[in-house]
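# Let's see this in three dimensions:
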Amino acid sequence: MPDDELRELEAKRRKALWMLANISLGDSKAFDALSILDDLELQERADSPHADKALELNMVRDCVTAQHHHSGIGIILEQAIPQPWRERFNQASIGSTRLVDGPYARDWYKFLIGWEAEMRHLEAHRAARSKPKLD
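Numbering: from 1, shown residues only. Coordinates of the predicted model:
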């Protein structure tokens, strides 16, 4: 997928995830965000039909390691982060401070933990959406 297209897709995903974060489970306000995320997931599956997101996350967690920077702060090397994870991290990190040589390792690890929490929250919203309403 071209970089511009990936950047746009991940920016949409990030916006929708942030929107969903402030909506209670089962609230009809979640419809728009869920629709966007569902569409993005369908597009992603069409582009890469054999992708296993959980496996990908574990693999990326294992392959990106902190580097000691001469400033004494742990950093990660962006080129070590495979796509689409690099773009996902970049979108989630807009406005964050970093060193010229790379983002802070603690921000990378915080992103990974946050991503897992966002995916659990997304799945909870999807489950709430599919539950029949009892009056």
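
# right, and the helix or strand after the worst-scoring helix or strand of the chain on mean pLDDT?
Across the helices and strands of the chain, mean pLDDT, DSSP states H and E gives its lowest value to helix 53-63, namely a mean of 82. The C-terminal neighbour of helix 53-63 among helices and strands, as given by DSSP states H and E, is strand 67-68.

# where's that next one relative to the chain centroid, distance-wise?
24 Å (CA atoms, centre = their mean, to the nearest Å).

# Please apply the same query to stretch 100-119.
10 Å.

# buried sites along that stretch?
Residues of stretch 100-119 classed as buried by neighbour count (16 or more other CB atoms under 10 Å): 102-105, 107-108, 111-112, 115, 118. Where you see a C-beta, it was placed from the backbone N, CA and C, and this is true even at glycine.

# now, which of those residues lie within helices?
105, 107-108, 111-112, 115, 118 (DSSP state H).

# picking up where we left off before, mind exporting the least confident helix or strand of the chain as PDB, just the C-alpha atoms?
Taking C-alpha atoms only, helix 53-63 is exported to PDB below (Å, rounded to 0.1, in the frame of the first residue of the first chain):
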ATOM      1  CA  LYS A  53      -3.700  -9.000  14.000                       C
ATOM      2  CA  ALA A  54      -2.800 -10.600  17.300                       C
ATOM      3  CA  LEU A  55       0.100 -12.500  15.800                       C
ATOM      4  CA  GLU A  56       1.300  -9.300  14.100                       C
ATOM      5  CA  LEU A  57       1.100  -7.300  17.300                       C
ATOM      6  CA  ASN A  58       3.200 -10.000  19.100                       C
ATOM      7  CA  MET A  59       5.700 -10.200  16.300                       C
ATOM      8  CA  VAL A  60       6.100  -6.400  16.200                       C
ATOM      9  CA  ARG A  61       6.500  -6.300  19.900                       C
ATOM     10  CA  ASP A  62       9.300  -8.800  19.700                       C
ATOM     11  CA  CYS A  63      11.100  -7.300  16.700                       C
END
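
# Pick the one among the buried residues of stretch 100-119 closest to I73.
Nearest to I73, judged by CB to CB, of the buried residues of stretch 100-119 is Y104 at 6.2 Å.

# pLDDT score for that closest one?
Among the per-residue scores, Y104 shows a pLDDT of 97.

# Great, nothing more from me.
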